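Chemist: need a 3D model of the sequence below.
(2 chains)
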Amino acid sequence: MEEMTLLQWAFDGVLGFALLWLAWRALASPDLFKAIVLFIAFGLLMALAWVRLDAPDVALAEAAIGAGLTGALLLTALARLDLKNETETVHKEDNTPQSP
Amino acid sequence: MIEKTKQKTLFRLVLIMLLSALAAGLGYVVLSLPTQAPGLSEQVTANLVRSGVSNPVTAVLLNFRGYDTLLEMGVLLLALVGVWSLGGIPEQRKSSPPGPVLDMLARLLVPLLILVAGYLLWVGAYAPGGAFQAGAVLAAAGVLLLLAGWRPGTRFSGLPLRIALVTGLGIFVAVGMALILLERRLLEYSPSFAGALILLIEVAASLSIGITLAALFLGGRPEVEPRR
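Modeler: Numbers count the residues shown, from 1 in each chain, chains lettered A, B, ... in the order given. So this is what the prediction gives:
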């Protein structure tokens, strides 16, 4: 096994902490858009972590599917949720009886 | 009111206890793992020559454990069927046509992405890459096209789209069945044809994966031209 330099230790440590922090922030963020952006960032850092673990195949899949496509799917789902909420509020306004 | 706060604290205490138990259990399991797991890498390296490819990951995914990949393709197709069963494409917000930057970017990037997908597919035989990665890159090209306002014509969204979606799984199953007819076991390639068969399956699979993922992004069953 190759010797790990201090720089590599530092890099791995920062990477690990950044992953944990991003995961926590993505889960705890009340703003869904922010949470999705944090999730995409998490996926990209996770791909880096897979590279560090000598698994470039998984890293490729993680970057393309985990960060890219899942992020795009989540963003469209969010846009659709917003659209649904908007139409629902419009319907509610239509249905409220007109007070004289 | 006080009763409610009490209940809340009790609930939190139970939650903390359960989570601590889970953390302790997980920690115990991780610590009791053998430090040097034997693994199957020796068997893989020993049989790599007979697998038709020189990248061990591709060899495992499409030869030694080809059955798992076959089922994975099935799961992906089922997911799309599930989404389609929920209904057609929901009405999009009336959006303005894409700006010149997005339009230009799509025009520049889509051919490049298709090239990269082809490269990943080809290189998968002896380096990291392969059908799923190539399919994901193809799907990214599709998503970019959809974002730029392109929609599949109704002529293609009926039978041609469905054929493209099932090609990957279909060819996979067809190869497996053909091997059974040749008195071998399911997906047991003969070493002399293994490379070609794997390439055939991977080409079909990456095409289907790309189209399936892009169709998932579309989020519903596309309109079909009414029958005359």
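Chemist: okay, A:Leu38: pLDDT?
Modeler: At A:Leu38, the model reports a pLDDT of 94.
Chemist: swap in B:Phe193?
Modeler: B:Phe193 is assigned a predicted lDDT (pLDDT) of 79.
Chemist: may I have the phi/psi pair for the residue lying closest to it once chain neighbours are set aside?
Modeler: Leaving aside its sequence neighbours, B:Phe193 sits nearest to B:Gly52 (Cβ to Cβ, 6 or more residues apart in numbering or on different chains; 7.6 Å). Quick note: C-beta positions are derived from backbone N, CA and C, even for glycine. Phi and psi for B:Gly52, reported as degrees, to the nearest 10, are phi 90, psi -10.
Chemist: cool, and B:Val53?
Modeler: For B:Val53, the backbone dihedrals (degrees, to the nearest 10) come out as phi -130, psi 160.
Chemist: the closest residue to it other than its chain neighbours and A:Leu69: what is the separation?
Modeler: Distances taken as Cβ to Cβ, 6+ apart place B:Ala125 nearest to B:Val53, at 4.4 Å, with adjacent residues excluded. Separation of B:Ala125 from A:Leu69 (Cβ to Cβ, to the nearest Å): 24 Å.
Chemist: try A:Thr87
Modeler: With distances taken as Cβ to Cβ, A:Thr87 is found 27 Å from A:Leu69.
Chemist: more neighbours: which of those two?
Modeler: Using other Cβ atoms under 10 Å in any protein chain shown, the more surrounded residue of A:Thr87 and A:Leu69 is A:Leu69, with 22 against 11.
Chemist: wouldn't that one be in contact with B:Gly135 here?
Modeler: No. Contact between A:Leu69 and B:Gly135 fails when scored by Cβ atoms under 8 Å: they sit 9.9 Å apart.
Chemist: what do these two both touch?
Modeler: B:Leu213 (Cβ atoms under 8 Å, 6 or more residues apart in numbering or on different chains).
Chemist: on that earlier part again, how many other residues sit next to the residue nearest to B:Phe193?
Modeler: B:Gly52: 22 surrounding residues under other Cβ under 10 Å.
Chemist: tell me where the chain has helices.
Modeler: Just going to use chain A. A:6-28, A:32-52, A:56-61, A:70-95 (DSSP state H).
Chemist: should've been chain B
Modeler: With DSSP H, the ranges of helices along chain B come out as B:2-31, B:41-47, B:56-59, B:66-85, B:100-123, B:131-147, B:159-181, B:194-218.
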